Every structure is written in C-alpha cells, then in structure tokens.
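**Q** no sequence for this one, just the structure:
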C-alpha cells in the first residue's frame with residue numbers, strides 16, 4: 001500500500017503544480033495550453049496531475065484564486081505599515097520599483113484570453129467579476145486611506161479612481177498581447193496615466 005501523504009505535503013505539491021503551470025500558460029497562452037504541457041513541466045503522470053486538478057480550467061482558476069487572495073492579504077499588510085500611500089499605489093500598479101516601465105504581468109494576456117473567450121460562460125463570468133471586484137477593493141482601499149490621511153485630494157471618489165486604474169491596466173494588457181511594442185508604447189502610456197493620477201489626487 002502506498003504511504004499516505006500528509007495534508008501539508010498535498011498542499012505543497014498542489015502549489016508546485018500551480019507554480020510550474022504559470023510558466024506554461026505564459027509561454028503557450030491559455031487556449032493552446034494542454035494538461036500534457038503541464039504534465040511535462042511538472043514531471044507528473046496523468047493520474048498524478050489529475051489528482052489535484054480535474055482540467056485546465058480548474059487549474060487556471062486555482063492560479064487566479066491564489067493570486068487574488070495573496071494580493072488582498074499583501075495589500076492589507078502593507079497598508080498597516082506604509083508611510084506613503086502614493087508609493088504603495090505605484091508599487092501595486094508597477095511592482096516593487098513603483099516606476100512605469102515596458103513590462104507587464106506576463107500572465108495578463110492569458111488571463112484576458114481566459115475571460116474573453118469565456119464571456120458567455122457563467123462560471124468564468126463569475127470569476128471575472130470576483131477578480132474585478134477585488135481589484136477595485138485593493139486600489140480603492142489604498143486611495144481612500146490616502147484621502148483620509150490628507151495625502152490625496154477628495155476631488156474624485158476612491159471607487160471611481162480604482163475602476164479607472166483597472167480599466168487602464170487591462171486595456172494596456174490587451175493591446176500589449178496583440179500589438180507590436182512600438183505601437184503600444186507601454187512605458188510612455190503608463191507614465192502619462194501616472195500624471196493623470198497625480199492631477200486627480202493632487203500629489
């Protein structure tokens with residue numbers, strides 16, 4: 001009889017699969033990724049992989065869920081410790097450096113592909129709504145905290161500004177996934193949007 005694996009070991013194996021699968025989805029895109037690709041990346045057998053995830057959609061949803069929960073928890077922790085809500089907002093948008101650059105979340109095109117191709121699927125629409133609502137909450141909480149602290153202007157509602165940020169980021173991600181870099185001008189557009197935010201928040 002095979003030894004019984006602990007819950008901790010099962011959770012770690014699941015996390016390892018998700019980590020490897022992210023690289024696969026980045027390389028192949030959502031539509032072209034197969035469970036065979038993931039099997040090859042993880043070195044698991046078919047039965048070993050399907051023990052944790054029933055199909056590609058189940059696996060991708062788990063990745064999204066993990067990233068959402070991590071982002072929310074991380075933001076709550078950073079909000080308690082931050083001295084500059086502006087710096088925190090920039091880090092949420094552009095990574096640790098907090099500076100606009102020519103790079104985006106490499107998984108973003110696969111996420112958009114997942115949601116757009118599933119726009120008529122109730123389950124995926126529910127995930128899209130959950131992702132959007134959490135994104136709004138994260139940015140809104142940071143902006144509202146900055147407004148309450150007197151660091152930001154109250155001219156615009158924090159909720160509206162948060163939605164504008166998500167629209168900007170998702171729009172750039174869509175363009176970046178289908179157009180040449182010279183057309184998108186990612187870094188310049190990001191810098192211009194930062195200037196808009198500075199004007200809106202009186203930073």
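**A** Received, thanks. In this text, all values refer to a predicted model and were calculated from it rather than measured experimentally.
**Q** give the contact list for the closest residue to residue 202 other than its chain neighbours.
**A** Distances taken as Cβ to Cβ, 6 or more residues apart in numbering put residue 153 closest to residue 202, at 3.7 Å, once the chain neighbours are dropped. Bear in mind the C-beta positions are built from the backbone N, C-alpha and C, glycine included. Shown in contact with residue 153 (Cβ atoms under 8 Å, 6 or more residues apart in numbering): 147, 200, 201, 202.
**Q** can you tell me the element the first one falls in?
**A** Assigned by DSSP states H and E, residue 147 belongs to helix 122-148.
**Q** for that helix, what is the distance to the chain centroid?
**A** Its chain's C-alpha centre and that of helix 122-148 lie 11 Å apart, by Cα atoms, centre = their mean, to the nearest Å.
**Q** let me know the next secondary structure element after it.
**A** With DSSP H and E, the next secondary element past helix 122-148 is helix 158-178.
**Q** quick one: which of the contacts of residue 153 has the most company?
**A** When neighbours are counted by other Cβ atoms under 10 Å, residue 201 leads the contacts of residue 153 with 21 neighbours.
**Q** setting aside sequence neighbours, what's the nearest residue to that residue?
**A** For residue 201, ignoring the flanking residues on the chain, the nearest one in space by Cβ to Cβ, 6+ apart is residue 152 at 4.2 Å.
**Q** same deal with residue 203?
**A** The shortest distance from residue 203 to any non-neighbouring residue, by Cβ to Cβ, 6+ apart, is to residue 86 (5.4 Å).
**Q** how much space separates the residue nearest to residue 201 from residue 81?
**A** 18 Å (Cβ to Cβ, to the nearest Å).
**Q** and if you look at residue 202?
**A** Per Cβ to Cβ, residue 202 is found 24 Å from residue 81.
**Q** next one: residue 141
**A** Here the criterion is Cβ to Cβ. By it, residue 141 lies 14 Å from residue 81.
**Q** show me which of those two is the more surrounded one.
**A** With neighbours defined as other Cβ under 10 Å, residue 141 and residue 81 compare such that residue 141 has more, 17 against 7.
**Q** what sits against that one?
**A** So residue 141 contacts 75, 76, 79, 158 (Cβ under 8 Å, 6+ apart).
**Q** determine which two of these are furthest apart.
**A** 76 and 158 (15.8 Å; Cβ to Cβ).
**Q** what helix or strand is the spatially most central residue of the chain on?
**A** Central residue of the chain (Cα atoms, centre = their mean): residue 67, 6.2 Å from the mean position. Assigned by DSSP H and E, residue 67 belongs to helix 56-81.
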